[in-house]
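1. Coordinates only, no sequence provided:
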């Protein structure tokens with residue numbers, strides 16, 4: 001069965017508050033390191049994860065515009081924090097509070113990315129779920145997938161502008 005064909009189970013997975021899910025990727029988002037917590041929670045072996053796109057754990061209920069924001073921020077050499085819904089190998093899901101940073105070589109060039117994910121604050125997840133549903137609806141409204149994602153991205157940018165805050169400040173206000 002192809003990865004994207006794995007049906008969602010509706011079962012949520014959890015990990016301990018003292019655990020950290022860690023991964024590293026190259027510039028194209030291919031996994032170069034996955035710690036044992038990541039392997040266990042996501043349900044993949046190290047061999048299955050190495051070289052795989054990090055999107056292997058992308059949950060279909062996660063708005064693509066959030067990943068555009070993530071990649072735009074990282075590409076600008078900045079770190080980003082985000083609440084992310086992931087899908088495990090068997091179709092279970094798990095929430096994380098992600099902190100993603102660029103990794104640099106000795107000459108200051110970005111050579112990849114490092115992500116540390118912790119157990120999220122449940123009240124923040126409860127607040128972000130309706131926003132993500134709205135963003136998904138906006139993405140799905142347009143027959144052109146790219147335009148739908150751009151429309152949802154514009155919604156996020158407008159929300160932040162209306163609040164007069166940046167994305168990280170918004171995330172920490174949840």
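-> Arrived safely. Quick caveat, the model's predicted, so the values are computed rather than measured. Numbers count the residues shown, from 1 in each chain.
2. the longest strand in the protein is where?
-> When the chain is parsed with DSSP state E, its longest strand is strand 93-104.
3. Residue 26 and residue 32 touch, don't they?
-> Yes: in this structure, residue 26 is within contact of residue 32 by CB atoms under 8 Å, at 5.7 Å. Yep, even glycine has a C-beta here, placed from its N, CA and C like the rest.
4. in the chain, which spans are strands?
-> Secondary structure of the chain (DSSP E): strands located at 21-25, 31-34, 80-87, 93-104, 110-118.
5. Give me the sheet partners of the second one and which way each runs.
-> Which is strand 31-34. Using DSSP bridges, strand 31-34 pairs in its sheet with strand 21-25 (antiparallel).
6. so what's in contact with residue 26 and residue 32 at the same time?
-> residue 112 (CB atoms under 8 Å, 6 or more residues apart in numbering).
7. before we move on, the earlier item: for the strands of the chain, give me CSV that also has distance to residue 14, mean pLDDT and mean neighbour count.
-> Output for these, formatted as CSV (distance: least, CB to CB, whole Å; pLDDT from 0 to 100; neighbours: other CB atoms under 10 Å):
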stretch, distance to residue 14, mean pLDDT, mean neighbour count
strand 21-25, 12, 98, 20
strand 31-34, 18, 98, 20
strand 80-87, 12, 97, 21
strand 93-104, 7, 98, 19
strand 110-118, 12, 97, 18
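8. quick one: which of those is nearest residue 163?
-> Residue 163 lies closest to strand 80-87 among the strands of the chain, at 16.0 Å (CB to CB).
9. Please state the offset of the closest one from the chain centre?
-> Per CA atoms, centre = their mean, to the nearest Å, the displacement of strand 80-87 from the mean C-alpha position of its chain is 4 Å.
10. And stretch 112-123, by the same measure?
-> Per CA atoms, centre = their mean, the centroid offset for stretch 112-123 relative to its chain is 9 Å.
11. residues in contact with it?
-> When contacts are defined by CB under 8 Å, 6+ apart, stretch 112-123 is touched by residues 14-17, 19-27, 29, 32, 38, 54, 74, 83-84, 95-103, 174.
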